[in-house]
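1. Give me a model of this one.
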Amino acid sequence: MAAATGVAVASNYYAQPLLPVIGRSLHLSAGTAGLIVTVAQVGYALGLFFLLPLGDLLERRGLIVALSVASAGALVVLGLAPDATVLLAAAFAVGTLTVLAQILVPFAASLAGEEERGRVVGMVMSGLLLGILLARTVAGLLAGLGSWRLVYLVAAGAMVVQAGVLRWRLPRSQETAGPRYPRLLASVPALLRQEPVLLLRSVYGLLSFGTFSVFWTSMAFLLSRHYGYSPTVIGLFGLAGAAGAGAATLAGRFSDRGWSRRSTGISALLQVVSWGALWAGARSIGWLVVGIVVLDVGVQGLHITNQGEIYRLRPEARSRLTAAYMIVYFVGGATGSALSAWTSGQYGWDGVCLVGAGFAVAALFVWLLAPARISTFVQTTGAGGS
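-> Sure, this is the predicted structure:
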């Protein structure tokens, strides 16, 4: 399940080191090329709202396999896109369909015992996070062997293989008599109103993924224009981020022990500190690598802590809890990507760093100023530290 989440979510991130070459191939401006990432994240957010809640209604294995096959088809269209219109439409479809990664996470949480749920979620999420980060490395290597189109055609083949493996290896989930689809969708935003911990964790997620997306959307342009690196070399920088994937399992263990507030504060602080190193990265590759590692440890640690907390709230609604959280999370990512693409074109790397640091500082302030009633709510419900 960890491997499957990584393969699925990687489809949304292959484009990041390829943006300069895709732009040259299809004669796109830097701002238009950057929209590939933005529309994929918007599609993902919509998939989270319209598709992810089905995990509380339909048999999950069949749903996951169907989404895998559909995602493979969208990747083929993306890889063969002749112009910007088809490219962006296919990127939107890929983003929408790869929500299957988030169906696997609550599925794993449901299979785990209460005392190990944080660790299990952390393990599966480490696969998802590695998929996000290593997607850039794989994309760069494949583009070096052929072209950016080869990346998406190979990804489509991987999704077909994954569909077969998941059909063979996943257990069937037990269907429950939940609400009908319209009421199911209506319950997603209602959960944000009803669960203060979910709302707070969603705000953390929005700001955290916002700062993450600000960096990774513009990183390829910095390395291509300032340092003259090829897509293959740019993709290797994903390995630096992957070095922080161990933070996922560690954060899951902290959640199991009730140390989530401590983990949240440390993760938010790391995100703030990372932008000092990333700003210096315009003059030193060494500082850039340090900044990538610190940023990814902070983002991954906070994300896993968030999910560990929300899965304690309503066991019968884990897919919808995930949907509510992840919709807000990817709104932050799409906003960060759009701001990063625009700021990079207007103000360069210094502007990108200022925007990214703004997201990170906001997350730290939320942690410092979180309402006392949230902590009271958590203590009375036994949901863990907020």
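2. So for whatever helix or strand Leu75 lives in, what gets flagged as buried?
-> Taking DSSP states H and E as the criterion, Leu75 maps to helix 60-79. With burial defined by 16 or more other CB atoms under 10 Å, the residues of helix 60-79 counted as buried are 60-61, 63-65, 67-68, 70-79. Placement of C-beta: from N, CA and C, glycine included.
3. hmm, who's touching stretch 128-138?
-> 2, 5-14, 16-17, 101, 105, 151, 216, 234-239, 241-242, 245, 248, 296, 300, 303 (CB atoms under 8 Å, 6 or more residues apart in numbering).
4. Check the model's average confidence along the helix holding Leu75 for me.
-> Average pLDDT, helix 60-79: 93.
5. Could you do stretch 304-315 as well?
-> On average, stretch 304-315 scores 81.
6. Return it as PDB; C-alpha atoms alone will do.
-> C-alpha atoms of stretch 304-315 as PDB (Å, rounded to 0.1, in the frame of the first residue of the first chain):
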ATOM      1  CA  ILE A 304       1.800  12.900   9.300                       C
ATOM      2  CA  THR A 305       1.000  14.500  12.700                       C
ATOM      3  CA  ASN A 306      -2.100  16.100  11.200                       C
ATOM      4  CA  GLN A 307      -3.400  12.800   9.800                       C
ATOM      5  CA  GLY A 308      -2.600  10.900  12.900                       C
ATOM      6  CA  GLU A 309      -4.800  13.300  14.800                       C
ATOM      7  CA  ILE A 310      -7.800  13.400  12.400                       C
ATOM      8  CA  TYR A 311      -8.000   9.600  12.200                       C
ATOM      9  CA  ARG A 312      -8.800   9.500  15.900                       C
ATOM     10  CA  LEU A 313     -12.000  11.500  15.400                       C
ATOM     11  CA  ARG A 314     -14.600   9.400  13.600                       C
ATOM     12  CA  PRO A 315     -13.600   5.800  12.500                       C
END
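7. Show me which positions of it end up buried.
-> Ile304, Thr305, Asn306, Gln307, Gly308, Glu309, Ile310, Tyr311, Arg312, Leu313.
8. Which of those residues fall in strands?
-> Judged by DSSP state E, strands contain none of these.
9. Most widely separated two among the residues you listed?
-> Farthest-apart pair in those is Ile304 and Leu313; separation 16.0 Å (CB to CB).
10. re the thing from before, tell me the buried residues within the contacts of stretch 128-138.
-> Buried, going by 16+ other CB under 10 Å: 2, 5-14, 16-17, 101, 105, 151, 216, 234-238, 241-242, 245, 248, 296, 300, 303, out of the contacts of stretch 128-138.
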